[in-house]
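Colleague: Provided below are the primary sequence and the corresponding predicted coordinates.
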Amino acid sequence: MTAAAPEPSWTEDAVDAAGGPDVLLTDAALGITNRLRPDGSLLRLAAGLARRPALVGRQAAALGAELGRIAAGRSALMPAPRDRRFADPAWAGNALLRRSVQAYLAASRSAEALLAGTELGWRDDTRLKFLLGNLVAAAAPSNNPLLSPAAWKALIDTGGGSALNGLRAFATDLAAPPRVPSMVTADAFEVGQDLAVTPGGVVQSAEQFELIQYQPTTEAVHRYPLLIVPPMINKYYIVDLAPGRSLVEYLVGQGHQVFVMSWRNPDARHRDWNLDTYGGAIVAALDAARAISGEPKASVLALCSGGITAAMVAAHLHVAGRLGELASLGLGVTMLDQAQAGTAGAVIDEKTAAAAMAVSSARGYLDGAALAEVFAWLRPEDLIWNYWVNNYLQGRPPPPFDILYWNADTTRLPAALHHDFIRLGLANALTTPEAATMLGSPVDLSKVDVDAYVIAGVADHLCPWQSCYRTTQLLGGPVKFVLSTSGHIAAMVNPPDNRKAAFQTASSNPADPEAFLAAAHMEPGSWWLDYSSWLGERSGGQKKSPAQPGRKGYPVQSAAPGAYVHDH
């Protein structure tokens, strides 16, 4: 199976929206109903509307007038040209369908105007936008099997077979978490056959992780190795997808010595693994990478929650007098400053956090499937309703995409780590020197004065780029900030042959993200090339490539991708 783009163009939006749900740690433990029940926010919305009768009157009058024009066939209201939900000509050509779309658009516009006009605070506004967005997305006529032209055409073309296939898919998806439409079939890819196939070997096996070293493909390699730290709630192979779309494959081809941590999928037995446990694992992996390469330094590239932990480890290394062992620090779609952290952060408060921690304490872990469910509802049009139409109304299997397969291959998060991340976010502790600790050391990110490369996605709704940008103000050394195209994960999977790839960067990092944006220049192409060049300049020159992975004391135990990646 390949990762070639399938025929339906809407699936590209799903790939762009896809992202490991490793920041949705609070309400995910409580279920999606917690997100869809904003409680006090709804009461404050009602109070705000009661104080603005003129606003309510204007919107009611405008909606009534528009509905009158729709009924009379005189409305000029039309969906946006890029709205694929209503791309079928029947939506415009059939009088009933056209009126249903126009009424839907008119009602949605009025509801959004009412919410905007109430001028609520950031937290209430974000919560209610999430609720309203889901209601608006669900109410689209395109989701209605009695109205959908796509459903009727499939029913006729298949002699009723599409309805049977759709019902079967619906029942299958409801039978087990995450209970949302499948974005990829379980047999679309096979790890070790289609994905995670870059040659290498497991050179260290610990309780929490396997360390994979990749086979060099160049005659010479950069002296200082690179350790990639993936998120704790996802499988590592987001950095080693299908050939041609693998960051590991690309960096190895550029002469870098690449190591990757493959985290174990924990269960209730590992409930006590916390930030210190995972931080200690990163230190052990760094030590192994330096020992195997025979070099005094190694670089780190860490993603999402892996980036949070790696940054804290760097602060610990400073306290321990070992920061000189770190050649550079790369952070991908990582929020160290979690103030106003987007939709994911808007639901976090003390009461909700306590309830979420109680749930994971009882189980011993936070289930990745629960995180995936909440994540899907953050982008319902892309990750729910497009698949509703494709899988259920048309009875078709979802097209194969490697990112979406990885996104569905969830893992668990130990209860103690879940609690630590929640407390870290509630206190926004990494923005205050010594408010958090790692391995007994007070964390002060301003003391991390190694060269850093920070990547964010301009369309990232989980880790907004402005929040990622604030890392430039926290770290103590020179920081190159790169604003990539796309969303949370698609921004990271950015191979050089991606014709749409581009990134923005600037010569300095002013405190205001908008000032950075005003000063930034656009670079065509993938940031992978830029990072490889930047990393090479900080990798101690070159030497002859080792013949094979491992060395004395670190023999190859098994071929990549190892065993932990197959744990479910």
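Modeller: On my side now, so go ahead. Numbering: from 1, shown residues only.
Colleague: I'd like the next helix or strand past the lowest-mean-pLDDT helix or strand in the chain.
Modeller: Lowest mean confidence among the helices and strands of the chain (mean pLDDT, DSSP states H and E): helix 343-346, at a mean of 46. Where DSSP states H and E defines the elements, the next helix or strand beyond helix 343-346 is helix 350-363.
Colleague: now that following helix: buried residues?
Modeller: In terms of neighbour count (16 or more other CB atoms under 10 Å), helix 350-363 has its buried residues at 352-353, 356-357, 359-360, 363. (Glycine included, C-beta is placed from N, CA and C.)
Colleague: now the next helix or strand after it: mean pLDDT?
Modeller: Next in sequence after helix 350-363, counting helices and strands by DSSP H and E, comes strand 365-366. Strand 365-366 comes out with an average pLDDT of 88.
Colleague: packing partners of strand 365-366?
Modeller: For strand 365-366, the packing partners by 3 or more CB pairs under 8 Å, 6 or more residues apart in numbering; DSSP states H and E come out as strand 413-414, helix 415-427.
Colleague: what do you get if the cut-off is 10 Å, keeping everything else the same?
Modeller: helix 350-363, strand 413-414, helix 415-427 (3 or more CB pairs under 10 Å, 6 or more residues apart in numbering; DSSP states H and E).
Colleague: contacts for it?
Modeller: For strand 365-366, the external contacting residues (CB atoms under 10 Å, 6 or more residues apart in numbering) are 24-26, 28-29, 233, 265-271, 273, 356-357, 359-360, 411-419, 421-422.
Colleague: buried subset of the residues you listed?
Modeller: Buried members of these, scored by 16+ other CB under 10 Å, are 24-26, 28-29, 233, 265-266, 270-271, 273, 356-357, 359-360, 411-419, 421-422.
Colleague: avg pLDDT for the lengthiest helix in the chain?
Modeller: Assignment by DSSP state H gives helix 95-118 as the longest helix of the chain. Averaged over helix 95-118, pLDDT sits at 96.
Colleague: now stretch 474-486: average pLDDT?
Modeller: Averaging pLDDT residue by residue across stretch 474-486 gives 96.
Colleague: now do the end-to-end distance for it.
Modeller: End-to-end span of stretch 474-486 (CA to CA, to the nearest Å): 25 Å.
Colleague: buried ones in it, by neighbour count?
Modeller: Those would be 474-476, 479-486, for stretch 474-486 by 16+ other CB under 10 Å.
Colleague: ok so, going back, now do the longest helix of the chain: which elements does it pack against?
Modeller: Partner elements for helix 95-118 (3+ CB pairs under 10 Å, 6+ apart): helix 40-50, helix 53-72, helix 90-93, helix 122-138.
Colleague: please look at Ala186 and Pro400 and confirm they touch.
Modeller: No - in this structure Ala186 lies outside contact range of Pro400 using CB atoms under 10 Å: 11.1 Å.
Colleague: neighbour count: those two, which is higher?
Modeller: Shown here are Ala186 and Pro400; by other CB atoms under 10 Å, Pro400 has more neighbours (21 against 10).
Colleague: phi, psi for the more buried one please.
Modeller: phi -80, psi 130 (degrees, to the nearest 10).
Colleague: and what of Leu329?
Modeller: phi -130, psi 120.
Colleague: could I get the pLDDT score of it?
Modeller: Leu329 carries a pLDDT value of 98.
Colleague: what about it, neighbour count?
Modeller: Neighbours around Leu329, by other CB under 10 Å: 24.
Colleague: surely it and Leu475 touch.
Modeller: Yes - Leu329 sits in contact with Leu475 when judged by CB under 10 Å, with a separation of 7.6 Å.
Colleague: what touches both of those two?
Modeller: 311, 314, 448, 450-452, 454.
Colleague: which parts of the stretch 301-450 of the chain are strands?
Modeller: 326-332, 365-366, 413-414, 437-438, 441-442 (DSSP state E, counting those that start in this stretch).
Colleague: out of those strands, nearest to Pro555?
Modeller: strand 326-332 (25.4 Å; CB to CB).
Colleague: list the pairing partners of the closest one within its sheet, with orientation.
Modeller: Here strand 326-332 has these sheet partners by DSSP bridges: strand 298-303 (parallel), strand 452-457 (parallel).
Colleague: where does this protein dip in pLDDT?
Modeller: 1-39, 340-352 (pLDDT under 70).
Colleague: list the contacts for the residue nearest to Gln548 when sequence neighbours are not counted?
Modeller: Excluding the flanking residues, the one nearest Gln548 by CB to CB, 6 or more residues apart in numbering is Gln215, at 6.8 Å. With contact taken as CB under 10 Å, 6+ apart, Gln215 is in contact with 198-201, 252, 258, 545-549, 556, 559-560.
Colleague: give the buried subset of those as a ChimeraX selection command.
Modeller: Buried residues within the contacts of Gln215, by 16+ other CB under 10 Å, are selected in ChimeraX with:
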select :198,200,201,252,258,546,549,556,560
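Colleague: thinking again about what came up before, please identify which of the buried residues of helix 350-363 is nearest to Ser539.
Modeller: Set against Ser539, the nearest of the buried residues of helix 350-363 by CB to CB is Ser360 (39.6 Å).
Colleague: so how far is Gly201 from that closest one?
Modeller: Distance, Ser360 to Gly201, by CB to CB, to the nearest Å: 34 Å.
Colleague: what does Gly324 give?
Modeller: Look at Gly324 and Gly201: by CB to CB, they are 29 Å apart.
Colleague: likewise for Trp385?
Modeller: From Trp385 over to Gly201 (counting by CB to CB), the distance is 43 Å.
Colleague: ok, Asn143 next?
Modeller: From Asn143 to Gly201 the distance is 48 Å (CB to CB).
Colleague: what does Ser361 give?
Modeller: 38 Å.
Colleague: residue contacts, Ala46?
Modeller: Taking CB under 10 Å, 6+ apart, we find Ala46 in contact with Thr118.
Colleague: and the helix or strand encompassing Thr172, which residues are buried?
Modeller: In this structure, Thr172 sits in helix 161-175 according to DSSP H and E. For helix 161-175, the neighbour count (16+ other CB under 10 Å) marks 162-163, 165-166, 169-170, 173 as buried.
Colleague: against which helices or strands is the next helix-or-strand element following it packed?
Modeller: As assigned by DSSP H and E, the chain's next helix or strand after helix 161-175 is strand 200-205. Applying 3+ CB pairs under 10 Å, 6+ apart, we find strand 200-205 packed against strand 209-214, strand 258-263, helix 275-293, strand 558-559.
Colleague: which other helices and strands does the shortest one contact?
Modeller: Contacts defined by 3+ CB pairs under 10 Å, 6+ apart place strand 558-559 against strand 200-205, strand 209-214.
Colleague: which one of those lies nearest to Ser41?
Modeller: strand 209-214 (40.0 Å).
Colleague: and the angle from the closest one to helix 275-293?
Modeller: On the basis of axes from the mean of the first three to the mean of the last three CA atoms, to 10 degrees, strand 209-214 is oriented at 30 degrees to helix 275-293.
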